[in-house]
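Trainee: Here's my sequence, what's the structure:
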Amino acid sequence: MSRPQDANRSLFPFGNPFRMISPKGTKISPQLLLILHAFEATLEERLKKLIPKSKDEILSLSWMTLAMQALCESHNDIKTLITELELPVHDWDEKWIDVYLDISVKLLDICIAFSSELSRLNQGHLLLQCSLHNLGSSSSEQYVRACSSLDGWKQHIGSGNPRIEKCGSILDELLGSLDLPKVKKSAKGKVLMQAMYGVKVQTVFVCNVFAAAFSGSTKNLSDLDVADIYSWAPTFKRLQNLVNEEIRFRFSSGRFTVLNELEAVDSSVKELYPIIQGVVDTIETESLAKIVGELGRATEKLSQGLDLLTKEVDSFFQVVLTGRDALLSNLRSGATVIDSFLGGNRDVQIVN
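Mentor: Have a look, this model is predicted:
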């Protein structure tokens with residue numbers, strides 16, 4: 001279900017997720033509180049690392065790679081938490097399982113969409129390489145070929161991606177999933193649900209930012225209103241405000257893209273274009289070589305950044321897929337979550 005896209009969407013259109021930490025009902029023991037506080041302290045530190053030192057770092061491919069790495073680590077921490085809680089699958093409420101399985105499917109779809117966009121952007125690398133090769137000659141015929149390659153690159157980058165366009169409705173549903181199910185009788189369940197809430201907020205934030213960057217629109221950008229009762233909330237709000245504000249500013253200024261490395265390539269292309277088209281009649285060979293060199297460096301940086309980010313998105317996909325498979329396997333066999341998470345390949349990461 002899709003809702004109207006607002007610049008500042010509310011986080012809680014489907015209810016209040018804080019009911020599960022109400023003092024009413026089952027009390028959480030000091031030992032469980034220590035486990036929860038340690039988990040949330042780690043989450044807060046992870047969010048702090050994503051706060052950019054300057055606005056220029058926002059939506060660089062290196063920052064996006066770091067954000068995706070942080071997601072993998074947080075989802076993997078849920079696996080460790082479940083192990084510490086010794087919470088068997090047969091003790092899980094059906095609502096917890098339904099929510100988890102539903103969210104995991106949506107995350108897999110989003111990962112596929114992000115991977116397809118990164119692949120599309122990387123496909124433009126060949127056109128840039130062809131252009132750079134032709135610019136190595138002073139022949140007018142080679143310049144025409146270089147111009148054709150740059151035209152093809154701009155057209156390719158400017159084309160839309162249907163999978164990214166469909167992310168909006170999936171993200172809306174993820175927002176709804178932040179309304180956690182009630183936990184009445186299980187203290188361990190309360191700890192797990194509160195920890196999962198923090199990871200869900202981090203996940204929705206990162207996915208929203210990626211979708212906005214890839215779609216070229218702020219309609220997928222949400223301002224999540226997290227209550228201050230969570231120790232990590234102030235850090236998260238600071239991060240969200242910095243990133244979302246900068247993204248909205250870049251779009252409002254009419255920039256070609258909000259991705260730093262992609263914009264660097266586009267700037268060099270714009271500088272070269274009038275020269276190789278003959279609009280600029282005279283230019284020193286040294287100056288031309290300098291501009292071509294800048295395009296070459298920007299092209300290489302873009303390609304390397306896309307490759308690294310693609311690997312992290314693939315890693316997150318595997319984290320989600322492996323965790324989903326583990327839970328389904330446990331449901332079929334009646335084994336405990338711990339048995340599955342500790343068995344088999346211990347290098348495999350597990351999602352919440």
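Trainee: If you count contacts, what does the helix or strand containing residue 305 end up packed against?
Mentor: Using DSSP states H and E, residue 305 falls within helix 285-333. Judged by 3 or more C-beta pairs under 8 Å, 6 or more residues apart in numbering; DSSP states H and E, the packing partners of helix 285-333 are helix 61-85, helix 94-134, helix 260-276, helix 337-342. Where C-beta positions appear, they are placed from N, C-alpha and C, glycine not excepted.
Trainee: Mean pLDDT, distance to residue 243 and mean neighbour count for the ones you listed - can I get that in TSV?
Mentor: Formatted as TSV, the helices and strands packed on helix 285-333 follow (pLDDT from 0 to 100; distance: least, C-beta to C-beta, whole Å; neighbours: other C-beta atoms under 10 Å):
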stretch	mean pLDDT	distance to residue 243	mean neighbour count
helix 61-85	92	9	20
helix 94-134	90	17	18
helix 260-276	88	13	19
helix 337-342	39	32	18
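Trainee: For these, give me CSV that also has distance to residue 299.
Mentor: Output for the helices and strands packed on helix 285-333, formatted as CSV (distance: least, C-beta to C-beta, whole Å):
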stretch, distance to residue 299
helix 61-85, 13
helix 94-134, 5
helix 260-276, 6
helix 337-342, 43
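Trainee: Compare these and give me the one nearest residue 215.
Mentor: helix 94-134 (8.8 Å; C-beta to C-beta).
Trainee: Give me the contact list for the helix or strand that the closest one is followed by.
Mentor: Using DSSP H and E, the next helix or strand after helix 94-134 towards the C-terminus is helix 140-158. In this structure, residues lying in contact with helix 140-158 by C-beta atoms under 8 Å, 6 or more residues apart in numbering are 120-121, 123-124, 127-128, 130-132, 134-137, 257, 262, 266, 269, 272-273, 276-278.
Trainee: go with 7 Å
Mentor: 123, 124, 127, 128, 130, 131, 134, 135, 269, 273, 276, 277 (C-beta atoms under 7 Å, 6 or more residues apart in numbering).
Trainee: how close does the fifth one sit to residue 275?
Mentor: Right, residue 130. In this view, residue 130 and residue 275 are 17 Å apart by C-beta to C-beta, to the nearest Å.
Trainee: which sections of the stretch 251-352 of the chain are below the confidence cut-off?
Mentor: 278-285, 333-352 (pLDDT under 70).
Trainee: mind running it again at 50?
Mentor: Regions of the stretch 251-352 of the chain meeting the criterion pLDDT under 50 cover residues 279, 335-352.
Trainee: Sort out which residues of stretch 290-305 are buried, please.
Mentor: By 16 or more other C-beta atoms under 10 Å, the buried positions in stretch 290-305 come out as 291, 292, 294, 295, 296, 298, 299, 300, 301, 302, 303, 305.
Trainee: would CSV of those with distance to residue 74 be doable?
Mentor: Below are those laid out as CSV (distance: C-beta to C-beta, whole Å):
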residue, distance to residue 74
291, 43
292, 43
294, 38
295, 38
296, 37
298, 32
299, 33
300, 31
301, 28
302, 28
303, 28
305, 22
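Trainee: Let me know the closest of those to residue 69.
Mentor: Taking C-beta to C-beta as the measure, residue 69 sits nearest to residue 305 out of the buried residues of stretch 290-305, at 13.7 Å.
Trainee: and that closest one, how far is that from residue 299?
Mentor: For residue 305, the distance to residue 299 equals 11 Å [C-beta to C-beta].
Trainee: what does whichever strand or helix holds residue 41 rub up against?
Mentor: Residue 41 is part of helix 30-50 when elements are defined by DSSP H and E. With contacts defined as C-beta under 7 Å, 6+ apart, helix 30-50 is touched by 66-67, 70, 73-74, 77, 81, 84, 187-188, 191, 194-195, 198, 202, 230-232, 235-236, 239.
Trainee: What average pLDDT does that helix get?
Mentor: Across helix 30-50, the average pLDDT comes to 96.
Trainee: pull the CA atoms of it into CSV?
Mentor: Only the C-alpha atoms of helix 30-50 are listed here, as CSV (Å, rounded to 0.1, in the frame of the first residue of the first chain):
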residue,chain,number,x,y,z
PRO,A,30,18.8,-6.4,35.6
GLN,A,31,20.8,-9.0,33.7
LEU,A,32,18.6,-8.7,30.6
LEU,A,33,18.8,-4.9,30.9
LEU,A,34,22.6,-5.1,30.8
ILE,A,35,22.4,-7.1,27.6
LEU,A,36,20.0,-4.7,26.1
HIS,A,37,22.0,-1.6,27.1
ALA,A,38,25.1,-3.1,25.7
PHE,A,39,23.4,-3.8,22.4
GLU,A,40,22.0,-0.2,22.2
ALA,A,41,25.4,1.3,23.1
THR,A,42,27.0,-0.5,20.2
LEU,A,43,24.2,0.7,17.9
GLU,A,44,24.7,4.3,19.0
GLU,A,45,28.4,4.1,18.3
ARG,A,46,27.7,2.7,14.9
LEU,A,47,25.4,5.6,14.2
LYS,A,48,28.0,8.0,15.4
LYS,A,49,30.5,6.7,12.8
LEU,A,50,28.0,7.6,10.1
